[in-house]
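> how does the following fold in three dimensions:
(chains A and B)
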Number of protein chains: 2
Amino acid sequence: MKRSERLIILTSILVDRPGETLGLNDFSQVVGGAKSTLSEDLAIIKQALSSRGLGRVETVTGAGGGVTFTPALDGERVQEKLWELCGELSDPRRILPGGFIYMTDLLYSPIWAWDIGRIFADNFRAKKPEYVLTMETKGIPLATMTARALNCPLLIIRRAHRVTEGPAVSINYITGSSKTIGNMSLPRRALPLGARVVLVDDFMKAGGTARGMMDLMQEFQAEVIGLGVVVATAQPEKKLIDDYFSLLTLKKVEGKEVQIEPSY
Amino acid sequence: MKRSERLIILTSILVDRPGETLGLNDFSQVVGGAKSTLSEDLAIIKQALSSRGLGRVETVTGAGGGVTFTPALDGERVQEKLWELCGELSDPRRILPGGFIYMTDLLYSPIWAWDIGRIFADNFRAKKPEYVLTMETKGIPLATMTARALNCPLLIIRRAHRVTEGPAVSINYITGSSKTIGNMSLPRRALPLGARVVLVDDFMKAGGTARGMMDLMQEFQAEVIGLGVVVATAQPEKKLIDDYFSLLTLKKVEGKEVQIEPSY
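Here you go, the predicted model:
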């Protein structure tokens, strides 16, 4: 196989499987050739992708050696994306009765979900999360993509215990703004005790759902190492959660005007 | 930029954005060089990926020209994946009271979701779907990945109408096995009338949910061009839906034994 062909095949496999550690032996079999050739190929790919901020390739050599691709979005591109998202969300046709904003189409777009998931993943990666947790329903696509970018299992909290999920841990929580009582349920077997978990959600106002997720994680003795939301409202300023990061801050919805901007 | 570097960068961008048509002008800017060089590069990538069954690269030349990558899994790899999934699912520790099988961890794994999503996408692609539809909750990750592989918007039916989703169309449906009445709700603005839609779900027994999804689609005058489920039970043989495809057939759960096999 020619070098150009090898580089294309290796790149396509790596990019298609973010975060997975792929065995060097398997790779040798796919593209043929000596181990030394493979090492050279991977060095070229590593250099090309990192020079363009397209991601990081890490190689562990030796018998059990492997190679891992970590997708990236550079800071400038992130800012561009966030302003584009603000532009979309400030369209007055999105305003719903009660001052809510229709975001579903963006949250469910696989392209937006992948972009947002990668931004979340970049923020969490250094803390070495083992699981990505969300509460059904609207945050699931972006939590799926965050999990993909981190190569972690995804966990979804249900509003009610389901017979198809086996023994579960359930808690009640108080929604921050409307002060009603809700239920959260996660299968016991979904999460071992003491794991490192990141939480993601689409929207945060008072933070009641986030607080509930934290409380549920206590039942699993989990270490919550981060909480990311797409949109947080500026008011109330004091949330039920201190430590979170949001991509966008929703400042005001008034009449036909939406004020929303990147949070960082 | 050297050819090897150009090939790596182009491949990584294409594989990272399945189904999207990327402008040739944008590509020229990213990798530099003349249009003719870019065409040569894309021809090499196309050849390398298709020779290994890793996906299809299609180029439309001309002023508004673009290039699209379609991910693929070859038939042999699909069979391998399906048998692997059967192996996982027939572990007796997955059996729950009532003969249910715990599948959540597999359905929520980003790697499995992407593999299953690609298999679904391959089955639907020729019919040119415009939307991927699922019912909350367990099928959402794989529906997200199906939507990614097809580059279609994802739609999620909710069990109850939400204030954050605006005017909605709601129907009642009868669950096939337990004969209870459920509600399905989809925002009016999520789906234009007359669109081409594929339905995906994780599990089908009698087909009540699928029947409900079909009925809801009638309200949107949608053309349902396919229904895919991960697991369908062998019994009841007659479902409330005639035309569907399943990846796996669950034949029997009895005591500690699970009989499950690929459906095709």
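
> A:G98: how many residues sit nearby?
Residue crowding around A:G98 was assessed by other C-beta atoms under 10 Å in any protein chain shown; the count is 8. (Glycine included, C-beta is placed from N, CA and C.)

> double-check that A:C152 belongs to a helix.
No. A:C152: not assigned to a helix; according to DSSP: H, G, I helix; E, B strand; the rest coil it is coil.

> list the contacts for it?
Each residue near A:C152 by C-beta atoms under 8 Å, 6 or more residues apart in numbering or on different chains is listed here: A:G19, A:P129, A:E130, A:Y131, A:V132, B:P110.

> okay, strands next: where are they in the stretch 101-250 of chain A?
Assigned by DSSP state E, counting those that start in this stretch, the stretch 101-250 of chain A shows strands spanning A:131-135, A:154-157, A:168-174, A:181-187, A:196-204, A:223-233, A:245-254.

> wait, doesn't A:E130 sit right on A:L191?
No. Applying C-beta atoms under 8 Å as the test, A:E130 and A:L191 come out as separate, 9.1 Å apart.

> quick revisit: select, out of the strands of the stretch 101-250 of chain A, the one closest to B:V198.
strand A:154-157 (22.3 Å; C-beta to C-beta).

> now do the contacts for the residue nearest to the spatial centre of chain A.
Residue closest to the mean C-alpha point of chain A, counted by C-alpha atoms, centre = their mean, is A:T146 at 2.2 Å. A:T146 makes contact with A:I116, A:G117, A:R118, A:F120, A:A121, A:F124, A:V132, A:V198, A:V200, A:G228, according to C-beta under 8 Å, 6+ apart.

> so what pairs up with the last one in the strands?
Here A:G228 sits in beta bridges with A:V200, A:F245, going by DSSP bridges.

> just for the stretch 151-264 of chain A, where's the confidence low?
Across the stretch 151-264 of chain A, residues meeting the criterion (pLDDT under 70) sit at A:176.

> what residues does it have near chain B?
Selection of the stretch 151-264 of chain A residues close to chain B by C-beta under 8 Å from any C-beta of the partner chain yields A:151-156, A:158, A:163-166, A:187, A:189-190, A:203.

> between those residues, which sits nearest B:V67?
Distance to B:V67 across those (C-beta to C-beta) is lowest for A:N151, with 27.6 Å.

> how near is the closest one to A:E130?
Counting by C-beta to C-beta, to the nearest Å, the gap from A:N151 to A:E130 is 10 Å.

> can you check A:Y264 too?
25 Å.

> higher neighbour count, the two?
Between A:Y264 and A:E130, A:E130 has the larger neighbour count (other C-beta under 10 Å), namely 17 against 11.

> hmm, back to that, now the strands of the stretch 101-250 of chain A in CSV, with distance to A:D74 and mean neighbour count?
Listed next are these as CSV, based on distance: least, C-beta to C-beta, whole Å; neighbours: other C-beta atoms under 10 Å in any protein chain shown:
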stretch, distance to A:D74, mean neighbour count
strand A:131-135, 23, 27
strand A:154-157, 26, 26
strand A:168-174, 38, 16
strand A:181-187, 35, 18
strand A:196-204, 21, 24
strand A:223-233, 19, 21
strand A:245-254, 16, 17
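
> would you map the helices across chain A?
Secondary structure of chain A by DSSP state H: the helices cover A:3-16, A:24-31, A:35-51, A:75-89, A:104-107, A:110-124, A:140-150, A:208-219.

> let me see the mean pLDDT of the fifth one.
This means helix A:104-107. Mean pLDDT, computed over helix A:104-107, is 98.

> any idea which of the helices of chain A gets closest to B:P236?
If you check each of the helices of chain A against B:P236 by C-beta to C-beta, helix A:140-150 wins as the nearest, at 30.0 Å.

> for that closest one, list the C-alpha coordinates in CSV.
Output of helix A:140-150 as CSV, limited to C-alpha atoms (Å, rounded to 0.1, in the frame of the first residue of the first chain):
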residue,chain,number,x,y,z
ILE,A,140,-29.6,13.8,25.5
PRO,A,141,-28.3,14.4,21.9
LEU,A,142,-25.6,16.8,23.2
ALA,A,143,-24.8,14.5,26.1
THR,A,144,-24.4,11.7,23.6
MET,A,145,-22.0,13.7,21.6
THR,A,146,-20.1,14.8,24.8
ALA,A,147,-19.8,11.1,25.7
ARG,A,148,-18.6,10.4,22.2
ALA,A,149,-15.9,13.1,22.3
LEU,A,150,-14.7,11.8,25.7
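
> re the thing from before, confidence score at the residue nearest to the centre of chain A?
98.

> A:F27 too?
85.

> in this structure it contacts A:T37, no?
No. In terms of C-beta under 8 Å, A:F27 does not count as a neighbour of A:T37; the distance is 10.7 Å.

> show me which of these two is the more surrounded one.
Under the criterion of other C-beta under 10 Å, the comparison of A:F27 against A:T37 puts A:F27 first, with 22 against 15.

> residue contacts, that one?
A:L10, A:I13, A:L38, A:V67.

> what of A:G19?
Taking C-beta under 8 Å, 6+ apart, we find A:G19 in contact with A:T68, A:F69, A:T70, A:R148, A:A149, A:L150, A:N151, A:C152.

> report pLDDT for it.
93.

> what does it show for phi and psi?
Main-chain dihedrals, A:G19, degrees, to the nearest 10: phi 80, psi -20.

> which one, of the strands of the stretch 101-250 of chain A, ends up nearest to B:L54?
Closest to B:L54 of the strands of the stretch 101-250 of chain A is strand A:154-157 (C-beta to C-beta; 25.3 Å).

> ok, the closest one: who's next to it in the sheet?
Using DSSP bridges, strand A:154-157 pairs in its sheet with strand A:131-135 (parallel).

> now the partner strand, how far from the centre of its chain.
Centroid displacement of strand A:131-135 relative to its chain, using C-alpha atoms, centre = their mean, to the nearest Å, is 9 Å.

> swap in stretch A:55-75?
With C-alpha atoms, centre = their mean, you get 19 Å for stretch A:55-75.

> ok, and does it reach over to chain B?
Yes. For a cut-off given as C-beta under 8 Å from any C-beta, stretch A:55-75 has contacts with chain B, namely A:G55, A:P71.

> give me the residues contacting stretch A:156-174.
Outside stretch A:156-174, the residues within contact range by C-beta under 8 Å, 6+ apart are A:133-136, A:140, A:143, A:180-190, A:208-209, A:211-213, A:215-216, A:219-220, B:96-98, B:100-104, B:108, B:137-138, B:140, B:203.

> go on, stretch A:34-47?
Identification of contacts with stretch A:34-47 by C-beta under 8 Å, 6+ apart yields A:3, A:6-7, A:10-11, A:14, A:24, A:27-28, A:31, A:56-59, A:61, A:67, B:4-5, B:8.

> got a ChimeraX select line for the buried ones in those residues?
With 16 or more other C-beta atoms under 10 Å in any protein chain shown as the criterion, this ChimeraX line picks the buried residues out of these:
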select /A:3,6,7,10,11,14,24,27,31,57,59,67 /B:4,5,8
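
> ok, A:R94 to A:N25 distance?
A:R94 is 51 Å from A:N25, by C-beta to C-beta.

> er, A:L82 actually
Applying C-beta to C-beta, the value for A:L82 to A:N25 is 41 Å.

> repeat that for A:G207.
Distance, A:G207 to A:N25, using C-beta to C-beta: 48 Å.
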